[in-house]
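Asks: When you get a sec, could you give me coordinates for this:
(chains A and B)
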2 protein chains.
Amino acid sequence: MRDFSTDHHWLSLNTATVRKSEGVEQPLSVILDACARHGIRAISPWRDQVHAVGLDKIAAQVKALGLQLSGYCRGGFYPALDTKGLQDALIDTRRAIDEAKTLNAPCLVMVVGALPGALQGKALHKDIALSRAQVRDGIAASLEYANSVGMPLAIEPLHPMQAAERACVNTLEHALDLCDELDPAQTANGHVSLGVALDVYHTWWDPKLYGQIARAGKRILAFHACDWLTPTTDLLNDRGMMGDGVIEIPKIRQAVEAQGFAGFSEVEIFSSANWWKRSMDEVLQTCIERHKTAV
Amino acid sequence: MRDFSTDHHWLSLNTATVRKSEGVEQPLSVILDACARHGIRAISPWRDQVHAVGLDKIAAQVKALGLQLSGYCRGGFYPALDTKGLQDALIDTRRAIDEAKTLNAPCLVMVVGALPGALQGKALHKDIALSRAQVRDGIAASLEYANSVGMPLAIEPLHPMQAAERACVNTLEHALDLCDELDPAQTANGHVSLGVALDVYHTWWDPKLYGQIARAGKRILAFHACDWLTPTTDLLNDRGMMGDGVIEIPKIRQAVEAQGFAGFSEVEIFSSANWWKRSMDEVLQTCIERHKTAV
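Replies: Residues are numbered from 1 along each chain as shown, chains lettered A, B, ... in the order given. Take a look at the predicted model:
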């Protein structure tokens, strides 16, 4: 396992971690400058943050600052009530693939979606098996385009508590079953074309985690770190800083690196009650410190 | 599948559902009288509620009212830091088995516990594999005593969002793996001695749910119903009334009954922001109505 204790060479910042500072929404351009200032050499930005500033401007800034991407968030959200909805999701994911390409991302992170309407508070149906079938078909369709332009897709299984609203792929096993079904050859153009984004927050609880990491092998395209707090007071925005919770992050990273993963460790913390209330410099300094001691 | 639409013959009330009425804690004796008044013929009480009134008094009242039990909550909480802690959990579960016997419960529901200290807000270690080993050993020890007195143990897998604080058994598959390991013969004294309590709230999201229900067969000792709300605002106490959320309850019940399950459908709703604020009569009437239309 790589030694992270002396520097933050392998730290990437998922830019949602400082989406807000002192409660105020922060432009991605400001976040990128702060990363450069703190010697953070990689990021994983969210589409809405990119769009708010402009793709071309962000692409130019990323290049000028010498930043790399560890991923691009996100494609997916396939399930829909009708053909038009399904088509719109494919078109939107194709756009996300193009943007990921423009930003030179190593993969597009796929948050696949779940029950249509649930995210808005009112599910339009309860048939999660139907949503899962639409997700499978959606990934298959997106993969064709992604392969044609050479952009790997990384399915991110989300925690089961987000199965209704955000993703109906909730275990690493399920994500890998999809990979094996849709991409049995495991590669296109010499690269893994369909893999997974492994977030310790979503997967730490799983009794099959280590077995499935071993199964995943080269399909692990991204590694995300934060921590699980006790108590957790919000199902979405109460993630903890590494070291403040109960996840055995180094043990999971060790298992992931044993499969050959040698990419960035991406810090992704949604925290409306704590970290989003602090200053950007304090959050980044803490990320850097904890990356050395708790990842 | 049994027809529940015309009466509430198979409705059991988990007494936590009306633990509070209009915000005020309710004695179990009052709850039992209310059940009798509403023609609810079965209950599943919690130990703290029983203890607050007194075991003998509750046993006498249950008998006088002609109530049955669908389960008794709960044994388990095995993981501990030291030998004394482990022993205390065994002693406590043995007491729970005795109480379940006194109340003529068909099974003791096992909430197995997780990381010591996490429920109090500060985990004393993060080694969930250790906790899982302690749970396995604890169930094995409790099972010996349970078999000697003829009390089936029903392992309840809890939702993964409760893996740190309440139970490190979080999927039906994991619970059944434990059953198969600790009780390969599947029976003692002519009954299933180790099985599962299947709560739709904890398991609905699982892509392997239906396959594991088929595997479970006669091991399904209890069936619990409520609903998953979108959004869910609290990880413990924001369960929904059947029909108000996204769980395909009838579909799951059908799968469970296809395995021969013919027991009660136990309504278990923890709801600090909604149902615990209403009157007991309103909650029970709503349970009865929804048991007919949404279970």
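Asks: Whether stretch A:247-264 contacts chain B - can you check?
Replies: Yes: using CB under 8 Å from any CB of the partner chain, stretch A:247-264 comes into contact with chain B via A:247-248. Every C-beta, even on glycine, is put in place using the N, C-alpha and C of the backbone.
Asks: Enumerate the residues of the stretch 51-200 of chain A near chain B.
Replies: Near chain B, when you scan the stretch 51-200 of chain A using CB under 8 Å from any CB, you find A:115, A:118-119, A:121-123, A:126-128, A:132, A:159-161, A:163-165, A:168-171, A:174.
Asks: let's see 10 Å
Replies: A:114-115, A:117-123, A:125-129, A:132, A:159-165, A:168-171, A:173-174, A:177 (CB under 10 Å from any CB of the partner chain).
Asks: of the residues you listed, buried ones?
Replies: Among those, those classed as buried by 16 or more other CB atoms under 10 Å in any protein chain shown are A:114-115, A:117-119, A:123, A:126-128, A:132, A:159-165, A:168-171, A:173-174, A:177.
Asks: And the strands in the stretch 151-295 of chain A?
Replies: A:153-155, A:194-199, A:220-225, A:265-267 (DSSP state E, counting those that start in this stretch).
Asks: swap in the stretch 1-150 of chain A?
Replies: Under DSSP E, counting those that start in this stretch, the stretch 1-150 of chain A gives strands at A:11-14, A:20-21, A:24-25, A:42-44, A:68-69, A:72-76, A:108-111.
Asks: could you dump those to a markdown table with mean pLDDT and mean neighbour count?
Replies: Listed next are those as a markdown table, based on pLDDT from 0 to 100; neighbours: other CB atoms under 10 Å in any protein chain shown:
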| stretch | mean pLDDT | mean neighbour count |
| --- | --- | --- |
| strand A:11-14 | 98 | 28 |
| strand A:20-21 | 96 | 20 |
| strand A:24-25 | 97 | 9 |
| strand A:42-44 | 98 | 26 |
| strand A:68-69 | 98 | 18 |
| strand A:72-76 | 97 | 27 |
| strand A:108-111 | 98 | 27 |
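Asks: Just put those strands in a markdown table and tack on distance to residue A:248.
Replies: Shown next, in a markdown table, are the strands of the stretch 1-150 of chain A (distance: least, CB to CB, whole Å):
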| stretch | distance to residue A:248 |
| --- | --- |
| strand A:11-14 | 19 |
| strand A:20-21 | 29 |
| strand A:24-25 | 33 |
| strand A:42-44 | 23 |
| strand A:68-69 | 27 |
| strand A:72-76 | 25 |
| strand A:108-111 | 23 |
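Asks: ok, back up a step: could the strands of the stretch 151-295 of chain A be laid out in CSV, adding mean pLDDT?
Replies: Listed next are the strands of the stretch 151-295 of chain A as CSV, based on pLDDT from 0 to 100:
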stretch, mean pLDDT
strand A:153-155, 98
strand A:194-199, 98
strand A:220-225, 98
strand A:265-267, 98
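Asks: Turn these into a markdown table, including mean neighbour count.
Replies: Shown next, in a markdown table, are those (neighbours: other CB atoms under 10 Å in any protein chain shown):
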| stretch | mean neighbour count |
| --- | --- |
| strand A:153-155 | 28 |
| strand A:194-199 | 28 |
| strand A:220-225 | 26 |
| strand A:265-267 | 27 |
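Asks: Those strands into CSV, with extra columns for distance to residue B:290?
Replies: What follows is these, written out as CSV (distance: least, CB to CB, whole Å):
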stretch, distance to residue B:290
strand A:153-155, 36
strand A:194-199, 36
strand A:220-225, 39
strand A:265-267, 43
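Asks: Nearest approach to residue B:197 belongs to which of these?
Replies: Distance to residue B:197, taken as CB to CB, is lowest for strand A:194-199 among the strands of the stretch 151-295 of chain A, at 29.8 Å.
Asks: Return the list of strands paired to the closest one, each annotated with direction.
Replies: Strand A:194-199 has its sheet partners listed here by DSSP bridges as strand A:153-155 (parallel), strand A:220-225 (parallel).
Asks: how about low-confidence regions in the stretch 51-200 of chain A?
Replies: Scanning the stretch 51-200 of chain A for pLDDT under 70 picks out A:187-190.
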